[in-house]
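> Here is a sequence with its predicted model. Questions after.
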Amino acid sequence: MSKDNTLLRQWEMLRLIPRYPSQITASQLTEKLMDRGYGINKRSVERDLWSFVELFGLQVDDRDRTYGWSWPRDAAIWNLPAMNDEQALSLYMLERHIKDMLPPTVLDSLSPLLKAARERLKSSHNAKALKDWPDKVRARTPAQPLKPCPIDPKVHEAVSLALLNNQWLQVSYQGRGRTEAKEHIISPLAYVMRGPMLYLVCRYEGYDDTRILTVCRIKKATRMDRTFTRPEDFSIDTYLAEGHMDFGDGDQIRIELLFDPDSGRHLYETPLSDDQVISESKDGRLRVIATVADTLQLKWWILGLGHYVEVVKPVSLRKAIQEEISGMIALYN
């Protein structure tokens, strides 16, 4: 075998060896290499593996006669071509902003890559602008900042893996205001991050209605051996568009609001809906008509604008706002 083919085969071997806790035996490696067209025997594979221990820090599990080979959990990533500065920055931002949305096992498998990205940015001399980028951007929600509700790591892992693999999940859930947790068997359908809170969209076993659980209120979660088929009538995008995560029932209403000109001008740039229409009323205020989901979030938004907005229609929404204002007046008198 030529030197070039030996190098290619050894590089292929390194790529086939999994990261701990997964393992591969010399026999399995030999079979995979032969499937890829390399003429090799088990003895030669074993000889290469032992040389990799010294060269690359490969680890071997010798508790079994077959021997299991793996990369250390925190081993560096070997890629050709190497990670560039732009890729390192993208991975660094991924880790900072959406790590809570990834299953712990996925995040764990990415840890060497994320570590390599951090080291790349730290040592980069040719891309100072990129290295400084994380200190120039922040994500903020237009609401009062709140600290995230702590989630039990074991619960997070169990729920995430069940969601990933479409497994039934047994949870012990303590609803808000409840003194004791109740047991439920659920099919997890989606994660939704809403501000500082992580929610699980799911269905209870034996029921067709979709529900929302706050993940930090799950006291215990156990994955079951059986899987479920995701319901064809469920779409997370449709579910969100209907306003459920803004705490509504999915009903759509046609609203008419009168805004102080300065307070309503932002709706020209960020409309309430695709069918929004803005005109000027006789008293100089902005009349905004749009179709939106009837949710608690809508009411909170209107109340937050205070006397700078008036609800004209529908009458039910106008009455609900009046009742809230009356309650506030009674509280402060």
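That came in fine, so what should we check first? The model shown is predicted, which means the values in this text are computed figures rather than measured ones.

> Next secondary structure after the host helix or strand of residue 187?
For residue 187, the element it lies in under DSSP states H and E is strand 182-194. Using DSSP H and E, the next helix or strand after strand 182-194 towards the C-terminus is strand 197-204.

> can you tell me how far residue 158 sits from residue 134?
Distance of residue 158 to residue 134, computed by CB to CB, to the nearest Å: 32 Å. C-beta coordinates here come from the backbone N, C-alpha and C atoms, glycine included.

> Which one's more surrounded, these two?
residue 158 (22 against 13; other CB atoms under 10 Å).

> Which phi and psi values does the nearest residue to the more buried one once chain neighbours are set aside adopt?
Spatial nearest neighbour of residue 158, excluding adjacent residues (CB to CB, 6 or more residues apart in numbering): residue 221 at 3.9 Å. Dihedral angles of residue 221 (phi, psi; degrees, to the nearest 10) stand at phi -140, psi 130.

> tally of neighbours for residue 221?
Residues within reach of residue 221, counting by other CB under 10 Å, total 24.

> any idea how far residue 215 is from it?
As for residue 221, its distance to residue 215 is 9 Å (criterion: CB to CB).

> Mutual contacts of these two, please.
155, 159 (CB atoms under 8 Å, 6 or more residues apart in numbering).

> mind listing the helices for this structure?
3-16, 26-35, 42-56, 85-98, 104-123, 128-132, 153-165, 236-241, 261-264, 296-304, 315-332 (DSSP state H).

> Need those in JSON lines (columns: distance to residue 176).
Shown next, in JSON lines, are the helices of the chain (distance: least, CB to CB, whole Å):
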{"stretch": "helix 3-16", "distance to residue 176": "49"}
{"stretch": "helix 26-35", "distance to residue 176": "51"}
{"stretch": "helix 42-56", "distance to residue 176": "52"}
{"stretch": "helix 85-98", "distance to residue 176": "26"}
{"stretch": "helix 104-123", "distance to residue 176": "25"}
{"stretch": "helix 128-132", "distance to residue 176": "42"}
{"stretch": "helix 153-165", "distance to residue 176": "17"}
{"stretch": "helix 236-241", "distance to residue 176": "21"}
{"stretch": "helix 261-264", "distance to residue 176": "33"}
{"stretch": "helix 296-304", "distance to residue 176": "14"}
{"stretch": "helix 315-332", "distance to residue 176": "21"}
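
> mind giving me JSON lines with those and columns for mean pLDDT and distance to residue 250?
Converted to JSON lines, the helices of the chain look like this (pLDDT from 0 to 100; distance: least, CB to CB, whole Å):
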{"stretch": "helix 3-16", "mean pLDDT": "75", "distance to residue 250": "48"}
{"stretch": "helix 26-35", "mean pLDDT": "89", "distance to residue 250": "51"}
{"stretch": "helix 42-56", "mean pLDDT": "87", "distance to residue 250": "55"}
{"stretch": "helix 85-98", "mean pLDDT": "79", "distance to residue 250": "27"}
{"stretch": "helix 104-123", "mean pLDDT": "75", "distance to residue 250": "31"}
{"stretch": "helix 128-132", "mean pLDDT": "73", "distance to residue 250": "44"}
{"stretch": "helix 153-165", "mean pLDDT": "91", "distance to residue 250": "22"}
{"stretch": "helix 236-241", "mean pLDDT": "90", "distance to residue 250": "8"}
{"stretch": "helix 261-264", "mean pLDDT": "89", "distance to residue 250": "26"}
{"stretch": "helix 296-304", "mean pLDDT": "92", "distance to residue 250": "13"}
{"stretch": "helix 315-332", "mean pLDDT": "94", "distance to residue 250": "16"}
